[in-house]
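Novice: sequence first, predicted model second:
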Amino acid sequence: MKVSVIQMNSVSDKAANLATAERLTRSAVTQDTPDMIVFPEHFDWAGGSAQEKVAAGEPETDGPAYRFCARMAAEYGIYVHSGSFYEKVPNQERVFNTTVVFDPHGKELARYRKMHMFDIFTPDGLRYGESDAVAAGSEISTADVGDFRLGLAICYDLRFPELFRRLVSNGANVIMLPAAFTLQTGKDHWEVLCRARAIETQSYVVACGSHGPFTQNGETRYTYGHSLVVDPWGHVIAKCSDGDGFATARLDIQLIDKVRKEIPLAKQKVLQ
């Protein structure tokens, strides 16, 4: 299976973001003929205040980002991983940070709502308070795509290996990780964590990140980009250059089987 990760600079302009996503999708499909396209976290809208995040939330199945991803899947006859978008929480002034996977007919295959909230202070003192607007999900999710089972995660989930162990226990052999890693954390932690999750789960990690500046509460902040694909041995086999663009990798089910046979972690676990 060939997978293309779409790297873009998402800002607080949904129409502009969707136009960029469509342009990059068209280029990736034309040049690399992938079986699946993957977008970053918040690919359709990023930044703003907590109130603006809530206002940007979409209905469960009938918002611009959802319809766009379904259309791209059906138009090109490919799987589409939506990265993530804000989904309204019923009867609350809150949103979920939601991933949806679409089949080549534009039908929803699976949905995951981010479980771990990005509530931190970066080394320069900036506060990130995702839970100010976003409600945490509570259920893990996988999606079957051909011979592969995708385990769904989003951005800050990367720091919690127990989630990935659960996904592998549920049969996942490819970890999907859309992200908007900050520049400060990304430069030191992004690639090493993606490679670690691939090695310990003996799975591919498809990590698609947004890049560049966005505005939040009147401040300019930066995401790291460096979208990449890691194989089950921990090698980076595809990586985006700086700026808008895409990178494509071929996922090999036989390599997953080979790595898991040679180092049979699943049979050697002592602690559950």
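Specialist: Here it is on my side, so go on.

Novice: my read: residue 202 touches residue 261, true?
Specialist: No. Residue 202 is not in contact with residue 261 according to C-beta atoms under 8 Å; the separation is 9.7 Å. For glycine as for every other residue, the C-beta is placed from the backbone atoms N, C-alpha and C.

Novice: higher neighbour count, those two?
Specialist: Between residue 202 and residue 261, residue 202 has the larger neighbour count (other C-beta atoms under 10 Å), namely 24 against 9.

Novice: tell me, how many neighbours does residue 180 end up with?
Specialist: 27.

Novice: give the full set of residues in contact with it.
Specialist: The contact partners of residue 180, by C-beta atoms under 8 Å, 6 or more residues apart in numbering, come to 10, 40-42, 46, 155, 209-210, 223.

Novice: let me know the closest of those residues to residue 164.
Specialist: Taking C-beta to C-beta as the measure, residue 164 lies nearest residue 155 of those, at 13.4 Å.

Novice: what separation do you get for the nearest residue to the closest one once chain neighbours are set aside and residue 259?
Specialist: Distances taken as C-beta to C-beta, 6 or more residues apart in numbering place residue 179 nearest to residue 155, at 4.0 Å, with adjacent residues excluded. The spacing between residue 179 and residue 259, counted by C-beta to C-beta, to the nearest Å, is 24 Å.

Novice: between the two, which has more neighbouring residues?
Specialist: Shown here are residue 179 and residue 259; by other C-beta under 10 Å, residue 179 has more neighbours (28 against 19).

Novice: and the more buried one, its phi and psi?
Specialist: According to degrees, to the nearest 10, the main-chain angles of residue 179 amount to phi -150, psi 160.

Novice: what's the first helix or strand after the helix or strand where residue 101 lies?
Specialist: In this assignment (DSSP states H and E), residue 101 forms part of strand 95-102. Following strand 95-102 in sequence order, the next helix or strand is strand 108-113 (DSSP H and E).

Novice: where do the strands sit along the stretch 151-272 of the chain?
Specialist: 174-179, 204-209, 211-216, 219-224, 228-230, 236-239, 245-250 (DSSP state E, counting those that start in this stretch).
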